[in-house]
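*Asks:* Fold the following, please.
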Amino acid sequence: MSFDELLAKQKKRTNTRSRRISEERVTPARTPARKENRRKSLPNALSADEPQLQVALGAPDPAILAVMYALVGFGLVMVYSASAVFADRTLHDANALIRSQVMHALLAGSVAWIVGHYGDYRWLRKVTYPLLFVTLAMLIATVAGLGHTAGGAARWLHLGGPLRIQPAEIAKLTVICWLADSLAKKRERIRSFTVGFLPHALGALLFAMLCLKQPDFGSAVMIGMLLFVMLFTAGAPLGYLLGLGMLALPVVYFVVAGSEYRMRRIMSFFSQTDNYQLWESQLSFGSGGVWGVGLGGSHQKLLYLPEAHTDFISSIVAEELGLVGFGAMALMFLFLVYRGIRTALRSPDVYGTYLCVGISLFIGMQAFTNLAVALGVFPTKGMALPFISYGGSSLLVNCCAVGLLSNVSRLSRATAQVKAPSVSSAARPVGGVS
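*Replies:* Next comes the predicted model:
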């Protein structure tokens, strides 16, 4: 065989191999059927893959529930330390408050586990409006004279026997769920004033006004902040949000100026006089130093610091465990918010994103406000420290909120596993050649 014949034969083999490689490089994603399958697996259209997702769902993000349970356990220790003397003096039983808090913690922890590990968070959309109207009815009943009054405010409803709930705490989570659902439905028209902005602002305003009527200024402000953050997250025009803030400022001024005790708090904060509670709180921080006086060794809890086991429990933490313990607690809250935002960014749909953002900032803003008040950065305002302060309604609502975060992380992981094979097979070239 001549050299020319050998060269022609080799060339023919090379051309055949090139055609075969070219055919192999045609990915299945380019076929109409494959495109349709990929289109169904997009985050906002999971219906075709839902049965597989339900089977494939695994454990949620372990860090979310782990941090929550750590904070709840730490809260039980601190509630007992801060409340024993107060309970013994007022209730003649040093263990009265901690027994109640342990029962609340068991219930709240169980709810968080069930919500986080079972079902699909999207079922919540079906009950959002019934839950909204039930919460609204409870708030109306509270301000209409059916609420239990304590400390000059009617914030509780009796459910029979020793059971009572605080509707304002439930209202915060309900508003988050409603805003997430409504903003997800109207995301294409979120920049419209009459569709995307005004209905949400009026709905949140109604809940805020009912909270003010109790009166509960802190819950009203929290609902307003949640509205602002979630509208911003959904992409509402900045001009609308700035206008909302400018309208809110004079309202806040008149609400504060029209109340003698609120005005007294503001004046004492700026003048640093006649603010006994803040002085005692700062004395706790100073006494604790870097390492603290030791667990159970606080002097301020001996009826010197008012509300030591509720609104100012962080001061007792700083006194007994020092700057190190206080800082570790603050970092745990920061880590929980971080994992919540991380879950929001990985959510399989916009509803899950809005829900996670609202819940994360709800917990973060509560913790930040409480710690800032205890440090004297903000004027004195009664707001519980999530998972730590004594109180059943706050603990149950916050644990349920974290359970929802956990559930979203569960579905986002499953969605990523389902989408990964189709993306990799469609995007990765065969033979390493693009």
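
*Asks:* does R164 count as helix, strand or coil?
*Replies:* When states are read from DSSP: H, G, I helix; E, B strand; the rest coil, the local structure at R164 comes out as strand.

*Asks:* Tally up the residues packed near it, please.
*Replies:* 16 (other CB atoms under 10 Å). Just so you know, the C-beta spots here come from the backbone N, C-alpha and C atoms, and that holds for glycine as well.

*Asks:* next one: the one 5 residues further on
*Replies:* Neighbourhood size, E169 [other CB under 10 Å]: 22.

*Asks:* any idea how far G292 is from it?
*Replies:* Using CB to CB, to the nearest Å, one obtains 30 Å as the distance from E169 to G292.

*Asks:* try G119
*Replies:* The gap separating G119 from G292 is 42 Å, by CB to CB.

*Asks:* hang on, D93 in a strand?
*Replies:* No. Assigned with three-state DSSP, D93 falls outside any strand and is coil.

*Asks:* That one - nearest residue in space that isn't next to it in sequence?
*Replies:* A87 (6.0 Å; CB to CB, 6 or more residues apart in numbering).

*Asks:* Quick one: list the elements packing against the helix or strand harbouring that neighbour.
*Replies:* Take DSSP states H and E as the rule and A87 turns out to sit in helix 62-91. Packing partners of helix 62-91 (3 or more CB pairs under 8 Å, 6 or more residues apart in numbering; DSSP states H and E): helix 96-117, helix 313-345, helix 392-427.

*Asks:* Now do the same contact list for I190.
*Replies:* The neighbours of I190, taking CB atoms under 8 Å, 6 or more residues apart in numbering as the test, are L183, G196, F197, A234, G235, A236.

*Asks:* Distance check, the third one against R189.
*Replies:* Looking back up the chat, that one is F197. In terms of CB to CB, F197 sits 10 Å off from R189.

*Asks:* More neighbours: which of these two?
*Replies:* Here F197 and R189 are compared on neighbour count by other CB under 10 Å; more neighbours surround F197, at 22 against 11.

*Asks:* Is the closest residue to that one other than its chain neighbours within a helix or a strand, and which one?
*Replies:* Spatial nearest neighbour of F197, excluding adjacent residues (CB to CB, 6+ apart): Y240 at 4.9 Å. Element membership of Y240, judged by DSSP H and E, is helix 238-257.

*Asks:* that older thread, ok, which of the helices and strands packed on helix 62-91 comes nearest G352?
*Replies:* When these are compared by CB to CB, helix 392-427 sits nearest G352, at 4.6 Å.

*Asks:* Neighbours of P60, how many?
*Replies:* 23.

*Asks:* coming back round to it: relative to helix 313-345, how tilted is the helix holding A87?
*Replies:* Our comparison of helix 62-91 with helix 313-345, counting by axes from the mean of the first three to the mean of the last three CA atoms, to 10 degrees, yields an angle of 150 degrees.

*Asks:* Go through helix 62-91 and flag the buried ones.
*Replies:* Using 16 or more other CB atoms under 10 Å as the burial criterion, the residues of helix 62-91 that qualify are 64-65, 67-69, 71-72, 74-76, 78-87.

*Asks:* any idea how far L371 is from the residue nearest to D93?
*Replies:* Relative to L371, A87 is positioned 24 Å away (CB to CB).

*Asks:* pretty sure G218 contacts K381?
*Replies:* Yes. Taking contacts as CB atoms under 8 Å, G218 lies within contact range of K381: 5.3 Å.

*Asks:* center of the chain - which residue?
*Replies:* If you average the C-alpha coordinates of the chain and look for the closest C-alpha using CA atoms, centre = their mean, you land on I359, 2.0 Å from that point.

*Asks:* Tell me which residues touch the nearest residue to that one once chain neighbours are set aside, please.
*Replies:* Sequence neighbours aside, A401 is the residue nearest to I359 in space, at 4.6 Å (criterion: CB to CB, 6+ apart). Applying CB under 8 Å, 6+ apart, one finds that A401 lies in contact with L173, I176, I359, F362, I363.

*Asks:* What residues of stretch 95-112 count as buried?
*Replies:* Buried residues in stretch 95-112, defined by neighbour count with 16+ other CB under 10 Å: A96, L97, I98, S100, Q101, H104, A105, A108, G109, V111, A112.

*Asks:* of those, closest to E260?
*Replies:* For the buried residues of stretch 95-112, the minimum distance to E260 (CB to CB) is 30.5 Å, reached by L97.

*Asks:* quick one on the thing from earlier: so where does the residue nearest to the centre of the chain fall, helix or strand?
*Replies:* helix 350-375.

*Asks:* Which one's more surrounded, G218 and K381?
*Replies:* G218 (19 against 16).

*Asks:* three-state assignment of the more buried one?
*Replies:* Classification of G218 using three-state DSSP returns helix.

*Asks:* could you list every residue that touches it?
*Replies:* For G218, the contacting residues are T369, K381, G382, M383, taking CB under 8 Å, 6+ apart as the criterion.

*Asks:* so how far is the helix holding I359 from its chain's centroid?
*Replies:* Here the centre of mass of C-alpha atoms in helix 350-375, compared against the chain's by CA atoms, centre = their mean, to the nearest Å, lies 5 Å away.
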